[in-house]
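Novice: need a 3D model of the following:
(chains A and B)
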There are 2 protein chains.
Amino acid sequence: MANPYLKQYLMTAGPTPLPPAVSQAMAQPMLYHRAPAFVEVYARVLDRLKAVFATGNDVLVFSSSGSGAMESAVANLVRPGDPALVASCGKFGERWAELCDAYGGRTEHWRTEWGRKVDPGELDRVLREQDGIETIFTTLCETSTGVVNDVRALTDVAHRHGALIAVDAVSALGAVPLPQDEWGVDVVVAGSQKALMSPPGLGFASPNDAALERAAAAAGGRYYFDWARALAGQRKDPPDSPFTPAVGLVQALDVALGLIAAEGLDQVFERHRLLGRAAREAARALDLELLGETDENANVVTAIRLPDEIDGAAVPRVMRDRYGVTIAGGQGRLKGKIARIAHCGYFGAFDIVVSVAALEMTLTELGHEVELGVGAAAAQRVFVEAGVPIASPA
Amino acid sequence: MANPYLKQYLMTAGPTPLPPAVSQAMAQPMLYHRAPAFVEVYARVLDRLKAVFATGNDVLVFSSSGSGAMESAVANLVRPGDPALVASCGKFGERWAELCDAYGGRTEHWRTEWGRKVDPGELDRVLREQDGIETIFTTLCETSTGVVNDVRALTDVAHRHGALIAVDAVSALGAVPLPQDEWGVDVVVAGSQKALMSPPGLGFASPNDAALERAAAAAGGRYYFDWARALAGQRKDPPDSPFTPAVGLVQALDVALGLIAAEGLDQVFERHRLLGRAAREAARALDLELLGETDENANVVTAIRLPDEIDGAAVPRVMRDRYGVTIAGGQGRLKGKIARIAHCGYFGAFDIVVSVAALEMTLTELGHEVELGVGAAAAQRVFVEAGVPIASPA
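Specialist: Residues are numbered from 1 along each chain as shown, chains lettered A, B, ... in the order given. Take a look at the predicted model:
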């Protein structure tokens, strides 16, 4: 049997740790999805999602992973032969291109180097060269590198060229600001298992009227992820769902969204700012390089380059097996090169302290000696100087 | 606040009640889906699913409702213009036709009257008239009427005509026998929230080699539900998933499949036979008509015609609001005409006794007087005469 005193710490950017009240919501007896007891929860969740998306649009709920909600955007906006531009800067951005290809789009995949942001000025140039692009797919936080794009500026450029923009905000919605209506973003896609502090299994898409009109103009080729079908269900009174919803996950999400409402969205973002800053300061104090462009908005996950002289792939393994701290390493071309410390969702000050302390111990064990405690101390200092309680209510 | 002594009884055919051990599995702390602690559970679930499907095929797991798994069958087998035959006998069969239409298939929708079984001899005749049908889509248990089709015979007919057959077994897999390999069924589709005693949110499809070859011959037009992508992930060592799996639901399913393995699949079917028989005997004792064709295999849900002189739509409402017993009424054209008492999954003898007792009380209250206790007594008799313990281990 596993050693119960090797306490386990989940420090990945999805699934993220659950507040105890959210876990407990899942243990309740099952409800019939058309009975008032569930319908009341479902209606409240639909309302609370609008608040987090900062939109008046209906936020469509799919029983799927976040990738399913991404597929809904492509399946509803791109018909075979339609020109689409994917502006990617990492692994999750590439998923948009795979999706557009799968749906037969005339896909233009414009790649920004992993670790750099998608540049709005460059997007403008690309769109001037690529006449007729109807939809742009991009990413709020590229979880594979931690980079957070300037979605507001990218949206302005897209609209100047008459294109719709769909944004994968799966890992970042609820961690960094993305006020959909204020910025005019046409579609925001998210998932339950990141900053929304819920178990994986629910995906969301919030198409505005322009996106819904585009979808309505070309029906077919989709069913489960069809926006019109989901919308028709959710707009009923009381709201319904075309397919049996993942009842337990919706109950869990209701509790999590209640916690976000109680903390207040601005304070949620401020907490993430402190967490991100603390992680970056810790890396700097340890003389470890951050991957690519980071700024005061990069508050979802911090990607730290690992020293060349050690076996980078061993870092997450040793942290987990020896210290019980589960972080993610690099994906794709970054495999073995980075450690990613997450701070999106149910994270507080000591999650950063623990992650950094475990990283220090692991680096030392693997032959890259660091002064133990120096990184953690830098994180502590950020929290002390903030002078505010840093905890999500649970 | 709701009256806590109005104890709640979930008697619907999906979501179905959860064994306490399954509910509790959901309350555990979240796991990273690539950490050994989860991968071990995931691998075991994949093995245990094969046992319930009675197949050597990989059972592909999707984070979706059962309808998502149905979509996977259509998206992987039907290309625009492909001839497909849907053999329906109720609301869920019609979903196959909607899906085939959405994917651009040349859909032949052959409807059997609601409440009757799809007749294998008639299928043979239809296929002789419809040359070139490549795929047949049908249903094991049509949950809207309770009818269970003879999938073995339908499969034989399909194969005689050189067609593949895909069977929606969402509500019935694990309640009535469907040994996929023995019967040679090409694709079986199921969901987590019915006889598999788990929360809604997971869908399954088990394509055989012929179905996988057909899918491989025409790639594209699908992504999230692409079989090849799911298969490639699950066949890795250790098994992986192309998208973040619904971790908590997989943990719950693992516990539920463990209960099924402990009870033994044959005993599970025998228990469902007793439950179904008890429900039918109760209806007969109350002089209530059963909807359409039932036989010793109709052990998923019992559809009982409601007396014409009462407001049928009120029956589920009164049962729920006044007695805390949640059953489903009729769907579509059967709305207000039937009451459906479920017995698939975590159901024991007293679930039938309670459902029938509540129905007796409700009918009396609504003006159709029955002798209270007569239906419940008929159910009791079935269990007494069986002489075996009737309970699923939990």
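Novice: A:Ser241 and chain B: what is the separation?
Specialist: 9 Å (Cβ to the nearest Cβ, to the nearest Å). Just so you know, the C-beta spots here come from the backbone N, C-alpha and C atoms, and that holds for glycine as well.
Novice: no no, A:Ala262
Specialist: Taking Cβ to the nearest Cβ as the measure, A:Ala262 and chain B are separated by 21 Å.
Novice: from the chain's centre, how far out does the helix or strand containing that residue sit?
Specialist: In the assignment (DSSP states H and E), A:Ala262 maps to helix A:247-263. From the chain centre to the centre of helix A:247-263 is a distance of 17 Å (Cα atoms, centre = their mean, to the nearest Å).
Novice: next, the angle from it to helix B:247-263.
Specialist: On the basis of axes from the mean of the first three to the mean of the last three Cα atoms, to 10 degrees, helix A:247-263 is oriented at 150 degrees to helix B:247-263.
Novice: mind listing what's buried along helix A:247-263?
Specialist: A:247-260, A:263 (16 or more other Cβ atoms under 10 Å in any protein chain shown).
Novice: with stretch A:268-286 instead?
Specialist: By 16+ other Cβ under 10 Å, the buried positions in stretch A:268-286 come out as A:268-283, A:285-286.
Novice: and it, what's its mean pLDDT?
Specialist: Stretch A:268-286 carries an average pLDDT of 97.
Novice: export that stretch as PDB, just CAs?
Specialist: Taking C-alpha atoms only, stretch A:268-286 is exported to PDB below (Å, rounded to 0.1, in the frame of the first residue of the first chain):
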ATOM      1  CA  VAL A 268      -9.800  35.800  -8.200                       C
ATOM      2  CA  PHE A 269      -7.600  37.500 -10.900                       C
ATOM      3  CA  GLU A 270      -5.600  39.300  -8.200                       C
ATOM      4  CA  ARG A 271      -4.900  36.000  -6.500                       C
ATOM      5  CA  HIS A 272      -3.700  34.500  -9.700                       C
ATOM      6  CA  ARG A 273      -1.500  37.500 -10.300                       C
ATOM      7  CA  LEU A 274       0.200  37.000  -6.900                       C
ATOM      8  CA  LEU A 275       0.500  33.200  -7.500                       C
ATOM      9  CA  GLY A 276       2.100  33.800 -11.000                       C
ATOM     10  CA  ARG A 277       4.400  36.500  -9.700                       C
ATOM     11  CA  ALA A 278       5.500  34.300  -6.800                       C
ATOM     12  CA  ALA A 279       6.300  31.400  -9.100                       C
ATOM     13  CA  ARG A 280       8.300  33.600 -11.400                       C
ATOM     14  CA  GLU A 281      10.300  35.200  -8.500                       C
ATOM     15  CA  ALA A 282      11.100  31.800  -7.200                       C
ATOM     16  CA  ALA A 283      12.500  30.700 -10.500                       C
ATOM     17  CA  ARG A 284      14.600  33.900 -10.800                       C
ATOM     18  CA  ALA A 285      15.900  33.500  -7.200                       C
ATOM     19  CA  LEU A 286      17.100  30.000  -8.200                       C
END
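Novice: so chain A: which segments form each domain?
Specialist: Domain segmentation of chain A under automatic domain parsing yields A:9-16+A:264-386, A:31-261.
Novice: which residue, other than its chain neighbours, is closest to A:Leu10?
Specialist: Spatial nearest neighbour of A:Leu10, chain neighbours left out: A:Pro17 (4.6 Å); criterion: Cβ to Cβ, 6 or more residues apart in numbering or on different chains.
Novice: so that neighbour, which of the three states?
Specialist: Under DSSP: H, G, I helix; E, B strand; the rest coil, A:Pro17 falls in the coil class.
Novice: ok, A:Met70 next?
Specialist: Quick answer, by three-state DSSP: A:Met70 is helix.
Novice: tell me the pLDDT at A:Ser131?
Specialist: For the record, residue A:131 is Asp, not Ser. For A:Asp131, the predicted pLDDT is 84.
Novice: what is the nearest of the buried residues of helix A:247-263 to chain B?
Specialist: When the buried residues of helix A:247-263 are compared for distance to chain B (Cβ to the nearest Cβ), A:Gly248 wins out at 4.2 Å.
Novice: give me the nearest residue to that closest one, chain neighbours excluded.
Specialist: B:Pro199 (4.2 Å).
Novice: hang on, that neighbour packs against B:Val250?
Specialist: No - using Cβ atoms under 8 Å, B:Pro199 is not in contact with B:Val250; the gap is 10.6 Å.
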